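Q: the following comprises the amino acid sequence and a computationally predicted model.
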Amino acid sequence: MSIRPSLGHWPSVVIAIIFLLVHPTTSTGGRFSIRLNSFTNPEGLLDNSSCCNHNCSSPCSTRFRVCIKNYQISIDSSGPCYIGEANSIPIKSNTVNELQWDFEFKFRWPGTFSLIIEAWNVIDTGSQQSNGLIARLAIQQWLSIDTIWRTRTFTTPLNQTFNYSYRVVCLNNYYGEECNRYCKARDDKFGHYNCSETGDILCYQGWSGEYCMEATCNPPCLHGTCAAPNLCTCPLGYTGPQCSLCQTYPGCKHGSCTIPWQCQCDEGWGGIFCNHDLNYCTNHKPCKNDGICFNTGQGSYTCSCIGGWTGVDCSGESNGNCTDCGTTPSEDDGTKKICGENFTCLNGGTCNSGLCLCPPSTLPPDCRLPFCSSSPCPHGSTCVELTKSCVCPDGTTGSNCSPTSTTSCNCLNDAVCRNNTCICKPEWSGVDCSVANATYTLHLLEEVKEEIGTEHVIVVIMVSVTTPILIIISVSVIIIYKRKRNKERRREDEIVRLQNDENDGKLVVVNKFKESNLWKNSDNGGGGGVENKMRCPPTISGGQGIPSLHHSPSIGNQYCNNYIDPGSTTPYLMRSNSHDLYKSSNLNNLSIANLNMTQV
């Protein structure tokens, strides 16, 4: 390879500027490595065949210079080394092994390069150093990004040998054929990914998006956001792995919710926080000594004491000297005394040997009325005497079976939903109570009739019957009037059309023009033929006469020129002896070739 001597650095500077413009240094990075496997100079000669030392007996003090620059057809060994340049320390030997140089660059790898390796002999005289060139190699090559070393051997004419290897690789986190693709694995708020061998982003499991910043949750979050793979962050009011569960109102004890901050009480509980036991009697049995417990709502109760017992829970003795208060059952009948000096039987019962003889429809032992006798269960609920409670139908709840909502049946007009069926008021019927009940309406009319009297009803009926008849009559009159008006309009249009036809001067059929005094048949004599002569009208009211015109088959159609009565604005009338008329405002187009002619 020829080496061009230096002619100044300006051309090289220009080339370098162009090189950097074509290969910008943004987000790129690579490393060019040179490895000198061995160098041998067996004779200890310089490139001019002289000895390194004057007698060639001692080895050369060899120093190497490496220069890597942009691709040059004719390599300039003295110009700047744009990719990299390095010098080794002098080595007192004619054989050198294992030297390596690495040059990092921050531009897109162009794929080509020029390489110069020089060996110099360094002579140190104490005050200064002198250099003598031993050998030089210079190559230019295409080189792609690869981790494989390419090995070459170069031998000079003086039997000096360079054995060297080179390669170019991308720096860490740079990829691609030009080392211009940047990818750095990370797992932080700016991304969650690794890098492939070609620099493509590979998202970690559970992440997606361009830079793997979007977490994925499976199953997805219902009311929250996916903050990390399969980790939902719930807003206030929701909880659970998928934020699908609503939170009850703070302090809610025995309730649930369908939307956040609700407190819908469970069955048997009431109050704002669902902490009031609505069935306190059954759950706690607070009444002692056979006292009967009544739920009063909101977790409260009352005890109805018997046998002389008193107090909130029937545990206290009346006046402190009860003689018959719940005595021990007698051995004879095994019953307990109920009535006595301090307690009488209820509802007309009579006391007999400490026991109440109760009348029908009352209950022992104190003849009290049954729980269900007062109809305590409203809204169609069922009363259970044994448990002294109400069994509520669908659409009602609570101890009093209060209606919850009518929307489950879609009932209208204040109907009550029961067992998924609408219970309509008397005036309505139908599945959803939306149809007016005709029978009920007639019943109301009967009631109204009784209140307002027969004469008022007759007036109402007459008005109801005559109103449609009046409407029909009014509509009929309007239709007849419109038809009459349309007929008159058509008649007026016909008259106007006829007048327009007359003013436009349309032609009337000429049937007997031959008999007119304007027409004459005569014998020409010469040819034996008949001459048809038409005379134009004479002067009328000072008008100018127009000469007669002749017509024969050889002449063709002849015409009377325009002839208008100067004293009249109407078209000139030509009348024949038979009173047939020909009327025209323009006689230019009067053809006499056909006597029976109709002008349309």
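A: Looks like it came in fine.
Q: how far away is residue 254 from residue 434?
A: 38 Å (Cβ to Cβ, to the nearest Å). Placement of C-beta: from N, CA and C, glycine included.
Q: so for residue 66, what's the pLDDT?
A: Per-residue confidence at residue 66 stands at 95 (pLDDT).
Q: kindly report the same for residue 96.
A: pLDDT recorded at residue 96 is 92.
Q: go on, the one 5 residues further on?
A: Listed pLDDT for residue 101 reads 94.
Q: could you verify that it is part of a helix?
A: No - assigned with DSSP: H, G, I helix; E, B strand; the rest coil, residue 101 falls outside any helix and is strand.
Q: who touches it in this structure?
A: Shown in contact with residue 101 (Cβ atoms under 8 Å, 6 or more residues apart in numbering): 33-34, 66, 84, 86.
Q: mind running it again at 6 Å?
A: Applying Cβ atoms under 6 Å, 6 or more residues apart in numbering to residue 101 gives the contacts 34, 66, 86.
Q: ChimeraX command for the buried members of the residues you listed?
A: This is how ChimeraX selects the buried members of the contacts of residue 101, with burial counted by 16 or more other Cβ atoms under 10 Å:
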select :34,66
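Q: residue 362: which of the contacts of residue 101 is nearest?
A: Residue 362 has its nearest neighbour among these in residue 34, at 119.2 Å by Cβ to Cβ.
Q: surely that closest one meets residue 165?
A: No - between residue 34 and residue 165 there is no contact under Cβ atoms under 6 Å: 7.7 Å.
Q: quick check: residue 468 is in a helix.
A: Yes - assignment of residue 468 by three-state DSSP places it within a helix.
Q: for it, the count of nearby residues, please.
A: Other residues within reach of residue 468, judged by other Cβ atoms under 10 Å, total 9.
Q: ditto for residue 106
A: 15.
Q: same check, this time on residue 29
A: 19.
Q: next one: phi and psi at residue 282?
A: With angles defined as degrees, to the nearest 10, residue 282 sits at phi -70, psi -40.
Q: which residue is the nearest non-sequential neighbour of residue 225?
A: residue 233 (5.2 Å; Cβ to Cβ, 6 or more residues apart in numbering).
Q: could you pull up phi and psi at the one you found?
A: Dihedral angles (degrees, to the nearest 10) for residue 233: phi -100, psi 120.
Q: give the contact list for it.
A: Contacts of residue 233 (Cβ under 6 Å, 6+ apart): 224-225, 227.
Q: show me the shaky parts of the stretch 251-400 of the chain.
A: 297-299, 307, 317-338, 340-342, 386 (pLDDT under 70).
Q: run the last query once more with 80
A: Within the stretch 251-400 of the chain, the segments meeting pLDDT under 80 span 296-300, 306-308, 316-344, 353-354, 364-366, 371, 373-374, 379-380, 385-388, 393-400.
Q: which parts of it are helices?
A: 280-284 (DSSP state H, counting those that start in this stretch).
Q: please name the bridge partners of residue 119.
A: residue 64, residue 135 (DSSP bridges).
Q: what's the neighbour count on it?
A: Around residue 119 there are 27 residues (other Cβ under 10 Å).
Q: so it sits against residue 62, correct?
A: Yes - using Cβ under 6 Å, residue 119 makes contact with residue 62 at a distance of 5.5 Å.
Q: quick check: residue 275 touching residue 253?
A: Yes - using Cβ under 6 Å, residue 275 makes contact with residue 253 at a distance of 4.2 Å.
Q: those two: who's more crowded?
A: More crowded of residue 275 and residue 253, by other Cβ under 10 Å: residue 275, with 17 against 14.
Q: which of the contacts of residue 233 sits closest to residue 130?
A: Nearest to residue 130 among the contacts of residue 233 is residue 227, at 72.5 Å by Cβ to Cβ.
Q: how about the secondary structure of the closest one?
A: Per three-state DSSP, the secondary structure class of residue 227 is strand.
Q: residues touching it, list them.
A: Counted by Cβ under 6 Å, 6+ apart, residue 227 has contacts residue 233.
Q: I'd like the numbering to begin with 450 instead of 1 from here.
A: Yes, from this point I'll number from 450; that puts the last item at residue 676.
Q: distance of it from residue 650?
A: For residue 676, the distance to residue 650 - Cβ to Cβ - is 21 Å.
Q: for residue 614, which residues are in contact?
A: Counted by Cβ under 6 Å, 6+ apart, residue 614 has contacts 484, 598, 600.
Q: neighbour-wise, which of those residues leads?
A: residue 484 (16 neighbours).
Q: and that one, how far from residue 654?
A: 41 Å.
Q: same question, residue 617
A: For residue 617 relative to residue 654 (Cβ to Cβ), the value is 35 Å.
Q: residue contacts, residue 619?
A: Contacts of residue 619 (Cβ under 6 Å, 6+ apart): 479, 594, 628.
Q: could you rerun that using 10 Å?
A: Applying Cβ atoms under 10 Å, 6 or more residues apart in numbering to residue 619 gives the contacts 477-480, 558, 594, 596, 625-631, 648.
Q: and residue 656, how far is that from residue 682?
A: Distance from residue 656 to residue 682, by Cβ to Cβ: 16 Å.
Q: ok, now residue 949?
A: Distance, residue 949 to residue 682, using Cβ to Cβ: 89 Å.
Q: list residues touching both of residue 483 and residue 614?
A: residue 549.
Q: leaving out sequence neighbours, find the closest residue to residue 709.
A: According to Cβ to Cβ, 6+ apart, the nearest residue to residue 709 is residue 686 (2.7 Å).
Q: helices of this protein, residue ranges please.
A: 459-471, 729-733, 887-901, 903-952 (DSSP state H).
Q: worst average pLDDT in those helices?
A: helix 459-471 (a mean of 46).
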